[in-house]
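Novice: fold the following and give me the result.
(one chain, ligands or ions: 1)
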Amino acid sequence: MKRISLIDGDTFDFIVVGAGSAGAIVAARLSEINKWKVLLLEAGGDPPPASVLPSTFAILAHTEYDWNYKADLDNGTGQSHVEGSIYMSRGKMLGGCSSNNYEIYARGAPQDFDDWSKVAPGWDWKSVLYYYKKLENMTDRTVLEDPNSSYLYSTRGPVAVSRPKQNQYFENVDETVLNSYEEMGLKRVLSTNGPEILGVSRPQFTFANGRRSSTAEAYLRPLRDRRNLFVTKYARVIKVLIKSNTRKAYGVQVQLKSGEIINVFTNLEVIVSAGSIDTPKLLMLSGIGPKEMLQKHNIKMLADLPVGKNLQDHNFTPLIFTGQKGFQTAIQNVLITTELDSYPTPIQTGFFRLNCSFCRNIAVGKPHIQIFNIHAGATVAPGVLFGCRTITNYNRNYCLSFSKANVLNEIDVTSLVLLHPLSRGQVKIRSTNPLDDPIIELGYFRNKQDVMLAVEAVKFMMQFTETSYYKKVGGRLVKLDVEGCQGIPYNTYEYWYCYVISSATSILHPVGSCAMGRNGVVDERLKVYDIDGLRVVDASVMPLLTSGNTNAPTMMIGEKGADMIKEDYKIRVK
Ligand SMILES: Cc1cc2nc3c(=O)[nH]c(=O)nc-3n(C[C@H](O)[C@H](O)[C@H](O)COP(=O)(O)OP(=O)(O)OC[C@H]3O[C@@H](n4cnc5c(N)ncnc54)[C@H](O)[C@@H]3O)c2cc1C
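Specialist: Numbers count the residues shown, from 1 in each chain. You can find the predicted model right below:
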């Protein structure tokens with residue numbers, strides 16, 4: 001792998017735009033073919049130590065390693081956020097969001113992919129499982145040694161996945177929370193990546209041996225000696241070059257760190273892997289997008305496609321429960337600093353379906369809700385206040401009411417993630433200046449069934465305080481200061497309806513803005529419709545959100561996408 005200074009007119013066989021969860025994999029796999037010269041262009045630089053250490057990701061927010069986007073909510077939605085907007089973090093470095101994400105490894109439910117394959121043949125569970133196994137190096141012995149689930153995992157891939165042993169205090173917290181879930185009727189499973197997704201467990205993580213396993217670490221670092229892979233950092237692609245008569249992509253325009261703008265060319269293909277926000281932006285700036293959007297900005301239209309539409313994101317409703325009172329619980333906060341090579345807090349996850357009459361026909365065969373529980377000992381209130389304000393962009397009153405609960409008590413921050421929203425948002429360009437941030441309309445709750453489902457999830461979760469541990473310690477649900485809901489009688493259906501709309505926020509999983517399949521932007525081989533020599537390979541091609549976090553599915557897309565490209569050039573795969 002050579003880190004090169006590009007010059008105007010350089011030519012490669014493949015140009016990959018964006019070295020994130022998918023792009024780094026595509027470039028690494030394509031360069032396995034010696035005769036192909038592959039260029040990987042990344043707008044950011046190397047990941048810093050805070051990315052490499054598994055526990056310090058939170059301090060990457062609002063730094064140069066992030067695009068620091070703002071995402072807008074519709075009027076009347078998200079009132080508890082400052083100016084109704086959400087901080088939409090996106091990694092800007094080698095590895096992209098795999099270098100700054102929260103490291104949860106979740107593959108999704110088999111039905112997710114069987115649903116994809118209805119619009120994009122070949123993406124069914126059986127086909128994608130092969131690629132999950134290709135990418136992963138599972139080090140979690142509990143699942144490898146379990147005869148009922150070992151067939152689902154592999155130990156031969158580049159991405160290290162683990163579930164390390166933790167200190168006794170963290171283990172006790174896990175037991176308390178998981179036991180409480182069980183009392184609420186949720187099944188304890190060995191792993192939610194196993195044969196049964198419905199259930200609760202400790203999550204698996206994309207780190208091992210004290211290092212994050214981003215795609216920069218897992219795929220690019222080992223390729224230092226590969227002579228046909230060229231990587232240029234701080235190279236921001238501002239346009240895909242497409243011949244207007246033949247509709248063929250022949251290169252890209254790049255702004256280098258020095259500010260110089262150059263053109264580089266391709267003999268075969270441009271592959272855009274800039275993520276669900278920047279990929280649609282780049283396509284629109286290059287003349288591919290909805291007619292009305294291109295016309296509005298006077299961009300010559302090369303293909304009229306629904307680029308930026310179909311944006312889907314996992315929003316979650318946070319609930320805060322207090323637990324034990326007293327400073328002895330603060331010991332957990334001290335232990336965090338002694339375990340920087342592991343996950344910073346005890347965390348539990350799980351998936352469940354709701355049982356209300358209208359719920360049954362929603363997301364059939366898949367969980368409705370993913371639950372995350374993060375536990376903090378007493379006295380981290382200033383940290384809670386800081387995180388609440390800077391990371392989620394909640395307003396002062398909301399965050400004060402949240403952090404106050406943690407002054408004397410331990411707290412459980414419970415996130416109820418709506419896995420399969422029916423609402424859709426849109427990524428738009430703000431102007432024709434490629435340096436302007438795009439407009440990100442999240443579109444949460446445009447479909448009212450999403451609110452109703454989230455309210456059902458809140459109602460279900462209120463049983464937490466009825467479980468034995470929380471009864472014993474007098475645990476309670478914290479009444480937060482939720483903007484717009486103050487006048488509504490507490491704990492009524494109307495109150496929770498308002499609460500969900502006002503306080504739901506993003507778990508940072510935007511997908512679908514260049515969806516594959518009929519009526520989408522790319523076909524099932526990820527080729528952009530109506531344009532030659534151009535593919536999209538990243539989270540934006542997902543036609544529907546998966547049941548769980550989106551890094552693992554995106555890496556799977558990178559692996560499968562690379563094989564499809566090889567196949568299309570008659571290279572034998574598998
Ligand atoms: C803070 C955070 C926490 C998350 N937590 C989790 C989690 O715990 N588990 C999980 O599974 N998922 C998580 N996710 C989501 C998951 O990481 C993403 O869905 C996934 O990484 C997306 O991969 P991608 O390849 O589509 O895009 P990215 O990984 O974002 O890659 C895009 C790359 O392209 C580069 N780029 C963009 N524009 C240009 C341009 N014009 N020119 C050149 N380069 C460009 C970017 O800098 C970036 O490196 C989280 C995301 C964030 C931000």
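
Novice: and the residue of this structure that's closest to the ligand?
Specialist: Using CB to the nearest ligand atom, the single residue of the chain nearest to the ligand is G20, 1.8 Å away. The C-beta positions use only the backbone N, C-alpha and C, and glycine is treated the same way.

Novice: nearest residue to that residue other than its sequence neighbours?
Specialist: G96 (2.2 Å; CB to CB, 6 or more residues apart in numbering).

Novice: do I have it right that that neighbour meets Y219?
Specialist: No - taking contacts as CB atoms under 8 Å, G96 lies outside contact range of Y219: 11.8 Å.

Novice: okay, those two: which has more neighbours?
Specialist: G96 (34 against 28; other CB atoms under 10 Å).

Novice: now for the more buried one: which residues touch it?
Specialist: G18, A19, G20, S21, G23, A24, R90, T215, G275 (CB atoms under 8 Å, 6 or more residues apart in numbering).

Novice: check the gap between it and V82 for me.
Specialist: Note on G96: its distance to V82, by CB to CB, to the nearest Å, is 26 Å.

Novice: likewise V451?
Specialist: V451 is 22 Å from V82, by CB to CB.

Novice: these two: which is more packed in?
Specialist: Shown here are V451 and V82; by other CB under 10 Å, V451 has more neighbours (21 against 16).

Novice: element containing the more buried one, please.
Specialist: Applying DSSP states H and E as the criterion places V451 in helix 448-461.

Novice: what's the average pLDDT for that helix?
Specialist: For helix 448-461, mean pLDDT is 97.

Novice: chain center to it: distance?
Specialist: Once both centres are worked out by CA atoms, centre = their mean, to the nearest Å, helix 448-461 turns out to sit 22 Å from its chain's centre.

Novice: for that helix, output the C-alpha coordinates as PDB.
Specialist: C-alpha atoms of helix 448-461 as PDB (Å, rounded to 0.1, in the frame of the first residue of the first chain):
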ATOM      1  CA  LYS A 448     -47.500   8.200  13.000                       C
ATOM      2  CA  GLN A 449     -47.300   4.400  13.400                       C
ATOM      3  CA  ASP A 450     -43.700   4.900  14.300                       C
ATOM      4  CA  VAL A 451     -44.700   7.100  17.300                       C
ATOM      5  CA  MET A 452     -47.300   4.600  18.400                       C
ATOM      6  CA  LEU A 453     -44.800   1.700  18.300                       C
ATOM      7  CA  ALA A 454     -42.300   3.700  20.300                       C
ATOM      8  CA  VAL A 455     -45.000   4.500  22.900                       C
ATOM      9  CA  GLU A 456     -45.700   0.800  23.200                       C
ATOM     10  CA  ALA A 457     -42.000   0.200  23.800                       C
ATOM     11  CA  VAL A 458     -42.000   2.800  26.600                       C
ATOM     12  CA  LYS A 459     -45.000   1.200  28.200                       C
ATOM     13  CA  PHE A 460     -43.300  -2.200  28.100                       C
ATOM     14  CA  MET A 461     -40.100  -0.800  29.500                       C
END
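
Novice: show me what it is packed against.
Specialist: In terms of contacts (3 or more CB pairs under 8 Å, 6 or more residues apart in numbering; DSSP states H and E), helix 448-461 is packed against strand 315-325, strand 369-376, strand 409-418, helix 493-503.

Novice: avg pLDDT for the last one?
Specialist: In this model, helix 493-503 carries a mean pLDDT of 97.

Novice: show me what counts as buried in it.
Specialist: Y495, W496, Y497, C498, Y499, V500, I501, S502, S503 (16 or more other CB atoms under 10 Å).

Novice: how long is stretch 462-479 from one end to the other?
Specialist: 12 Å (CA to CA, to the nearest Å).

Novice: buried set for it?
Specialist: In stretch 462-479, counting by 16+ other CB under 10 Å, buried: F464, T465, T467, Y469, Y470, V473, G475, L477, V478.

Novice: got these as TSV, with secondary structure, pLDDT and distance to Q253 columns?
Specialist: As requested, the buried residues of stretch 462-479 are arranged in TSV below (DSSP: H, G, I helix; E, B strand; the rest coil; pLDDT from 0 to 100; distance: CB to CB, whole Å):
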residue	secondary structure	pLDDT	distance to Q253
F464	helix	95	53
T465	helix	94	57
T467	coil	96	58
Y469	helix	92	59
Y470	helix	91	58
V473	coil	90	60
G475	coil	92	57
L477	strand	96	53
V478	coil	96	51
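
Novice: out of these, who's near the ligand?
Specialist: Near the ligand, taking CB under 6 Å from any ligand atom as the test, no member of the buried residues of stretch 462-479 is found.

Novice: what's the closest of the residues you listed to E269?
Specialist: Ranked by distance to E269 (CB to CB), the buried residues of stretch 462-479 are led by F464 at 51.1 Å.

Novice: thinking again about what came up before, highest neighbour count among the contacts of G96?
Specialist: Within the contacts of G96, A19 tops the neighbour count with 35 neighbours, counted by other CB under 10 Å.

Novice: which residues touch it?
Specialist: Counting by CB under 8 Å, 6+ apart, A19 touches A27, L40, L41, E42, L94, G95, G96, T215, A216, L220, V231, S273.

Novice: residues in the stretch 201-350 of the chain within reach of the ligand, list them.
Specialist: Counting by CB under 6 Å from any ligand atom, the stretch 201-350 of the chain sits next to the ligand at R236, V237, S273, A274, G275, S276, D278, L282.

Novice: could I get the buried residues of stretch 462-479 as JSON lines with distance to D114?
Specialist: Output for those, formatted as JSON lines (distance: CB to CB, whole Å):
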{"residue": "F464", "distance to D114": "33"}
{"residue": "T465", "distance to D114": "38"}
{"residue": "T467", "distance to D114": "35"}
{"residue": "Y469", "distance to D114": "38"}
{"residue": "Y470", "distance to D114": "38"}
{"residue": "V473", "distance to D114": "43"}
{"residue": "G475", "distance to D114": "40"}
{"residue": "L477", "distance to D114": "37"}
{"residue": "V478", "distance to D114": "40"}
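
Novice: ok, back up a step: now do the shared contacts for G96 and Y219.
Specialist: A24.

Novice: so what pLDDT did the residue of the chain most remote from its centre get?
Specialist: The centre of the chain is farthest from one residue, N245, which by CA atoms, centre = their mean lies 37.5 Å away. N245 carries a pLDDT value of 96.

Novice: likewise for R3?
Specialist: For R3, the predicted pLDDT is 68.

Novice: and the residue nearest the centre of this structure?
Specialist: H509 (3.5 Å).

Novice: hang on, the earlier thing: now what about the helix holding V451, what contacts it?
Specialist: 184, 315, 317, 319, 352, 354, 356, 358-359, 362, 368-369, 371, 414, 416, 418, 421-423, 444-445, 493, 496-497, 499-501, 504.

Novice: re the thing from before, report the contact partners of the residue of the chain closest to the ligand.
Specialist: G91, G95, G96, C97, S98, T215, S273, A274, G275, D538, T554 are the contacts of G20 under CB under 8 Å, 6+ apart.

Novice: now do the same contact list for the second one.
Specialist: If a contact means CB under 8 Å, 6+ apart, then G95 has A19, G20, S21, A24, P47, S51, S214, T215, A216, E217, L220 as its contacts.

Novice: tally of neighbours for the fifth one?
Specialist: Yep, that's P47 we're talking about. With other CB under 10 Å as criterion, P47 counts 22.

Novice: lowest average confidence, helix or strand, in this protein?
Specialist: strand 2-3 (a mean of 68; mean pLDDT, DSSP states H and E).

Novice: next helix or strand past that one?
Specialist: Following strand 2-3 in sequence, per DSSP H and E, is strand 11-17.

Novice: other residues contacting stretch 346-353?
Specialist: With CB under 8 Å, 6+ apart as the test, stretch 346-353 has contacts from 104, 106, 109, 166, 170, 173-174, 177-178, 181, 186, 192, 197-203, 332, 359, 363, 366-375, 419, 460, 547-548.

Novice: now do 7 Å
Specialist: With contacts defined as CB atoms under 7 Å, 6 or more residues apart in numbering, stretch 346-353 is touched by 104, 170, 173-174, 177-178, 181, 186, 192, 197-203, 367-375, 547.

Novice: likewise for stretch 61-76?
Specialist: Here stretch 61-76 has contacts from 44, 48, 51, 60, 81, 84-93, 100, 277, 390-391, 437, 439-444, 446, 506, using CB under 7 Å, 6+ apart.
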